[in-house]
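[1] Build me a model from this:
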Amino acid sequence: MGEYREFAPPTGLISVVACLWENDGIREQVQRVVPDGCVDLVWLNDELLIVGADTGPVLFAPTGGGERVSGIRLRPGAAGAVLGIPASEVRDARVPAAAVWPEFAVSLGGALALADPADRLDVLARAVLQRKGERDCLVAAAAIRLAAPSARIGTVAADLGVSERHLHRRTVAAIGYNPKTLQRVTRMRRLIAMSEHSSRLPLAQRAAAAGYASQAHMSDDVRRLTGLTPVRFLEDASLTAA
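    Next up is the predicted model:
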């Protein structure tokens, strides 16, 4: 991902923020972003954007120069509360923050424009802290359980004491998409993590260990989420904070 780098969130934001990040690589290179279950606030080309949870790959064209891109990534289950709207309203979308926070975004955008690039992450962190959003605990617990290789949505819902329909509604509101899509994303993230540490294992073994029913199942899911074959995607995939 070029000159992409992540930073740990401040102590007071650990429950809702996965990381703060900067990216200089987007100046010169196309950036492929794949689903991770997160919503980001991004300062790009002098504009504050809300980047919703994606259900497929997104290619960002090079900015052609200018300042670095800065962002803060909300953990799965935190976006609805921090944004103050159902996260599904920004799914697969890049929305000017002013469209969601008419007054707050104006003052925040002004502060970001005046800040030195090195200080913009602090500005973004303070802004998220001001929103006082709390992660949906039910959805956070479901996300952890759905990441297990043998997890079934109905079983996860029952274990958490809710119906599948209730879990679906809460997940859509807090993350932006349904438990099935979240499970698909967490399974691919497990595949990426495994490939980083066990790249010499045959792909079929990695697929089975990651929880796919077969190598064909893995290929279908990876193509859907990344637009690439598993072999091509895993060549340079790395696990980002989520």
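
[2] Now Ala125. Nearest residue, chain neighbours left out?
    Sequence neighbours aside, Pro10 is the residue nearest to Ala125 in space, at 5.5 Å (criterion: C-beta to C-beta, 6 or more residues apart in numbering). C-beta coordinates here come from the backbone N, C-alpha and C atoms, glycine included.

[3] Now do the same contact list for the one you found.
    With contact taken as C-beta atoms under 8 Å, 6 or more residues apart in numbering, Pro10 is in contact with Val17, Ala125, Leu129.

[4] One more: Gly154?
    By C-beta under 8 Å, 6+ apart, the contact set of Gly154 is Glu164.

[5] Three-state assignment for it, please.
    helix (DSSP: H, G, I helix; E, B strand; the rest coil).

[6] Mind jotting down where the helices sit in this structure?
    79-83, 97-100, 104-114, 120-131, 137-146, 153-159, 164-174, 179-197, 203-210, 215-226, 230-235 (DSSP state H).

[7] hmm, back to that, using PyMOL, make a named selection holding only the buried ones among the contacts of Pro10.
    For anyone working in PyMOL, the buried entries among the contacts of Pro10, judged by 16 or more other C-beta atoms under 10 Å, can be selected with:
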select buried, resi 17+125+129
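
[8] ok, now how distant is the residue most central in space within the chain from Pro202?
    In the chain, the C-alpha nearest the mean C-alpha coordinate belongs to Cys38, at 2.6 Å (C-alpha atoms, centre = their mean). According to C-beta to C-beta, to the nearest Å, Cys38 and Pro202 sit 30 Å apart.

[9] Repeat that for Ile72.
    Per C-beta to C-beta, Ile72 is found 38 Å from Pro202.

[10] before we move on, what about Ala98?
    50 Å.

[11] Neighbour count: the two, which is higher?
    Ala98 (17 against 10; other C-beta atoms under 10 Å).
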